[in-house]
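> got a predicted structure plus its sequence, pasted below:
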Number of protein chains: 2
Amino acid sequence: MSSLSSPVLASRLAALQARRQRLSTLSQRPLVLWSGQPLARNFPANTYSFRANSHFLYLTGQSLAGAALHLDQGQLTLFIDDPEPGADLWHGPEPDRDTLAQAMGAIAAYPLAELPAHLGEAATLPVLDWPQRLPHSPAHWHQQLALAMVETRLYHDPLALGEMEQAAAVSVAAHRAGMAATPTANREAQVRAAMEQVILAENLTCAYNSIVTTRGEVLHNPHYHHPLEAGDLLLADVGAETAAGWAADITRTWPVSGRFSAPQRDLYEVVLAAHDGAIAAAQPGVEYRQLHLQACRLLAAGLVDLGILRGAVDHLVERDVHALFFPHGLGHLLGLDVHDMEDLGDRAGYAPGRRRSDRFGLCFLRLDRPLAPGMVVTIEPGFYQVPAILESARRSGKYDDAVNWQRLEAFGAVRGIRIEDDVLITNQGCRVLTAALPTGAAAIETLVQAAQ
Amino acid sequence: MSSLSSPVLASRLAALQARRQRLSTLSQRPLVLWSGQPLARNFPANTYSFRANSHFLYLTGQSLAGAALHLDQGQLTLFIDDPEPGADLWHGPEPDRDTLAQAMGAIAAYPLAELPAHLGEAATLPVLDWPQRLPHSPAHWHQQLALAMVETRLYHDPLALGEMEQAAAVSVAAHRAGMAATPTANREAQVRAAMEQVILAENLTCAYNSIVTTRGEVLHNPHYHHPLEAGDLLLADVGAETAAGWAADITRTWPVSGRFSAPQRDLYEVVLAAHDGAIAAAQPGVEYRQLHLQACRLLAAGLVDLGILRGAVDHLVERDVHALFFPHGLGHLLGLDVHDMEDLGDRAGYAPGRRRSDRFGLCFLRLDRPLAPGMVVTIEPGFYQVPAILESARRSGKYDDAVNWQRLEAFGAVRGIRIEDDVLITNQGCRVLTAALPTGAAAIETLVQAAQ
């Protein structure tokens, strides 16, 4: 508290209050929310680093463990117990309940035991470690509250954007460090370490488990043991999270040697064209699904130019031929969660009344809404050669007219490429929050080579 | 698997089989164990990095999520489901059930749905995320199994010691990196980042949340935001964990400036004398509680020499005067858990029939057993000035004969010092697994200054 000058503090409290007022107006019912608790790793005293529930963070700005909030007509009440006697010996002195309440603009604060008396007709959202003491509210209240929360959190206020810009800046620095560390690294783990060091040194955390791999065709590859070979591409999907919980999500793909081979560069340029096209088209009113399909067409067109695909681009995309190489969606919402509000299922990603497609090329699309100012989305097209997908497609004979399997072999060394940026929709169009990190092949090569 | 030559693999399997045979002989009842599952961080797909249950790791050597084992008369059966269809697109190809079973020497492997038919009279140990499908066994079976598990895991075999030596070596390197990073660091987070980078670069994880702080008087300080000032001591308690789950646990305390002030060095030498005395006395048959009390006496004697305490050393320790400055125990068991088997409460730390003392100077002692070959314990005396403890002691007037409060003020800049090593009890005496990291004040100064 003492580090905040009072105008900064006042503006922060006003922003939090505006969020709470907006949610109350939309939900038209009191709500109660649990913040979560540290989760034990291998024994009770050895916990994973605590991360509060995102809805709680959104409304309070504070990462408090073992706390509940009650919100009624914009008025916040905090429920939290005093630390156990002697806890300060182990974990240091903590602010008392009233200080915490003041820092978030709560009108009152009570021990947790007082919560049941305040529940009334409050709706709830289940938190992952929801304790028994907080009852679930009826399903239709939950549904109504979830939709109100989505409508509130979809459009980011300046307080949120300031946090996301900080997360983006640190993530950009982490990617630069990863590129610079590559020439002297022997395996993936060393590059990951160089990237996460930047995030830790800023006293931030990773928003998700980093992907740093030469096996980019495994979309969420959790391994870091592969050696780095001169002919490999390295795919790094690494993002920071601020202390208040706001995320960045960046992917870059670079050559281990500092130089793309001709086939690598050709495919990189195809993915980059899809990436750039999507960002150029992102503006209020545009359907994200259309951005996705446009990226699919750009990708298919590029693969036709390279001789990998044959046929009319529109027809290839209608048949989901592009999805053999780009089997995921163009991106997702970004905010407090790296897939923002995915704890509410598809309620955030999909506009009311819309549902996921059964099509192979669309079923993994996490976002299907018209874009609007204040939304932050990722744009992350990719090209992958997933053996299970390609072998089965080839065996089936179904794509023999559309895929030149022999020509594809010339690109055998390219396992996975993804280029991902975080894009804020503005009144005028969009702004790339992660623009400080280059995407062009030549610029990427320069960043990798700079360390040699 | 393919990276292991077959004699290495055979010896590994033999060691695992010997663990299982020993446990079965001691427990005299079949057992069933759940490995655990990844825990969601803020939404289901965004999980904390998975860490399998330690008992499961001990018996199988494999970190598998969502698996159960059944052990009867030394014979292991594995229960695990095949990955969801399509999971390999996201997480890569996984070995199949039979390959996993073979790698741990199981005699058979089945889907999880087959487990209930194999339960019979099996005893269980509850795992933190114990699923509903595995019933709890009666309390007396649980108790019997817990004691058999303690008796098995207390004494480390060569397979375990090889892992712990790897964890120790990487942790030593991390501490060296932390010292080297200090002169150019501005705040705690940067030193923490330099240390954890070493652990991540080796593709290992941290065995516990790192403590890297200038506020060493907070014993488990979880914050890293303080600036580093030239007059500060930095306390770092950081340890690596191997892929198979084995831990190291090291603490060093060094001057930010690279040079201890005279009062800092005086107190450092007192803590080091307690540390060295405990290690010199550690051997089979010695009671760990006696090592703790000897360290308390050495600490008290050192504080008498410095004029901070007054009176006969034995009497000071009997009155717990030393505990005003050393309020925790000398150390704990170390193995797969940094506090080994603390998930079983005090059953591992305390010999059967023993219980924690009510004394302020003994109640935090986590270990009260006679030492025996194969045990690994930490030795970690410390000196802390905890304001809450010292202010209350001073206000009470109770210690005015024993503490020279005025003299203590000359040491005001010393908030916390701890020196911690990992010690294997051998037939001959003991071996310090973390001996490659110096403890002497001059050597520490050299390591910090080397980077300047």
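Done, it's in.
> so residue A:375 touches residue A:154, yeah?
Yes. The pair residue A:375 / residue A:154 is scored as a contact, 5.9 Å apart, by Cβ atoms under 8 Å. For the C-beta atoms, the positions are set from N, CA and C on the backbone; glycine is no exception.
> and for those two, which residues touch both?
Taking Cβ atoms under 8 Å, 6 or more residues apart in numbering or on different chains as the criterion, residue A:375 and residue A:154 both touch residue A:333.
> neighbour count: those two, which is higher?
residue A:375 (24 against 17; other Cβ atoms under 10 Å in any protein chain shown).
> quick check: the nearest residue to the more buried one once chain neighbours are set aside vs residue A:376, distance?
Leaving out its chain neighbours, the residue that sits closest to residue A:375 by Cβ to Cβ, 6 or more residues apart in numbering or on different chains is residue A:425, at 4.6 Å. Taking Cβ to Cβ, to the nearest Å as the measure, residue A:425 and residue A:376 are separated by 7 Å.
> quick one: name the residues of the stretch 301-450 of chain A near chain B.
Contacts of the stretch 301-450 of chain A with chain B, taken as Cβ under 8 Å from any Cβ of the partner chain, map to A:327, A:336-339, A:341-343, A:386, A:388-389.
> closest one of those residues to residue B:64?
Among these, residue A:388 lies closest to residue B:64 (Cβ to Cβ), at 21.6 Å.
> for the closest one, which non-adjacent residue is spatially closest?
Using Cβ to Cβ, 6+ apart and skipping the chain neighbours, the partner closest in space to residue A:388 is residue B:88 (5.8 Å).
> what's the helix or strand for that neighbour?
Here residue B:88, judged by DSSP states H and E, is contained in helix B:87-91.
> can you list the buried residues in that helix?
In terms of neighbour count (16 or more other Cβ atoms under 10 Å in any protein chain shown), helix B:87-91 has its buried residues at B:88-91.
> show me where the stretch 201-350 of chain A has helices.
A:262-281, A:288-305, A:313-318 (DSSP state H, counting those that start in this stretch).
> the first one to helix A:288-305, inter-axis angle?
Taking axes from the mean of the first three to the mean of the last three Cα atoms, to 10 degrees, one finds helix A:262-281 and helix A:288-305 inclined to each other by 150 degrees.
> the bottom helix or strand of chain A by mean pLDDT?
helix A:87-91 (a mean of 80; mean pLDDT, DSSP states H and E).
> re earlier: tell me the one among the buried residues of helix B:87-91 nearest to chain A.
Of all the buried residues of helix B:87-91, chain A sits closest to residue B:90, with 4.7 Å by Cβ to the nearest Cβ.
> that closest one touches residue A:211, doesn't it?
No. With contact defined as Cβ under 8 Å, residue B:90 does not reach residue A:211; the gap is 10.6 Å.
> surely residue A:372 meets residue A:151?
No. If you go by Cβ under 8 Å, residue A:372 and residue A:151 don't touch, sitting 10.7 Å apart.
> buried residues in the helix or strand just after the least confident helix or strand of chain A?
The helix or strand immediately downstream of helix A:87-91 is helix A:97-104, counting by DSSP H and E. Neighbour-count burial for helix A:97-104 flags A:97, A:100-104 (criterion: 16+ other Cβ under 10 Å).
> then stretch A:396-408?
By 16+ other Cβ under 10 Å, the buried positions in stretch A:396-408 come out as A:399, A:402-404, A:408.
> now render those residues as CSV, adding pLDDT.
Converted to CSV, the buried residues of stretch A:396-408 look like this (pLDDT from 0 to 100):
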residue, pLDDT
A:399, 97
A:402, 98
A:403, 98
A:404, 98
A:408, 98
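> ranges for the strands of the stretch 201-350 of chain A?
A:205-206, A:211-213, A:233-238, A:240-241, A:250-255 (DSSP state E, counting those that start in this stretch).
> got CSV for the ones you listed, with distance to residue B:273 too?
Putting the strands of the stretch 201-350 of chain A into CSV (distance: least, Cβ to Cβ, whole Å) gives the following:
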stretch, distance to residue B:273
strand A:205-206, 39
strand A:211-213, 45
strand A:233-238, 45
strand A:240-241, 44
strand A:250-255, 51
